[in-house]
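>>> Below are the sequence and a predicted model; questions follow.
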Amino acid sequence: MAIRPELKTINWLNPIHFCSLGFGSGLAPKAPGTFGTLAALPLVYLMGTFLPFYAYLAITLVAAILGCYLCGQTAKALNAHDHPAIVWDEFVGLMITFIFIPVSTVNLLVGFCLFRFFDIIKPWPISFVDKKIHGGTGIMLDDIIAGLMALGCLHLYLHYF
């Protein structure tokens, strides 16, 4: 796989870059956000299966706060607002999607699709945040909102189906 030229400036031994690029999943030449979200599925599955809800929430909150720094630093290194290879925000968005959701294959599939839908389509207010808020906070915030929207839809889905 050929690495995009701008990614050659990244120090792969730097844990900030390694994490913000989704442990390498953001390097997919096509649809890196989708591949980043796919890479987050096993993490969400393990967290949802083995952790009590308060630990799941705590890890999600820490990942979101830490993500503002990680994504901001990597964006600066790449000289880009929200480079497609930065996928830590997809990890956090998917984690948010599954707050208080029982882990099952169907729920993981539906939640994955809902999160990707909102992250790709970017309805308001996601589109507003994506355009107006920059840096690590902006990179994280649009996916946090997409995760919250997917979470709401997933809860509705589970309530009615």
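Done, it's in. Computed from a prediction, not measured in an experiment: that's the story for all the values here. Numbers count the residues shown, from 1 in each chain.
>>> For the closest residue to residue 120 other than its chain neighbours, give me its contacts.
Excluding its sequence neighbours, the residue lying closest to residue 120 (C-beta to C-beta, 6 or more residues apart in numbering) is residue 33, at 7.5 Å. In short, each C-beta sits where N, CA and C put it, glycine included. Residues in contact with residue 33 (C-beta atoms under 8 Å, 6 or more residues apart in numbering) are 26, 84, 87, 90, 116, 119, 120.
>>> most neighbours, which of those residues?
Neighbour counts for the contacts of residue 33, by other C-beta atoms under 10 Å, peak at residue 87, which reaches 31 neighbours.
>>> Verify the stated contact: it with residue 23.
No - shown here, residue 87 and residue 23 do not form a contact pair, counting by C-beta atoms under 8 Å, at 9.1 Å.
>>> shared neighbours of those two, which are they?
In contact with both residue 87 and residue 23: residue 39, using C-beta under 8 Å, 6+ apart.
>>> burial count for residue 159?
Burial of residue 159 is recorded as 7 neighbouring residues (other C-beta under 10 Å).
>>> from here on, count from 180
Let's use 180 as the start, then, which means that last one is residue 338.
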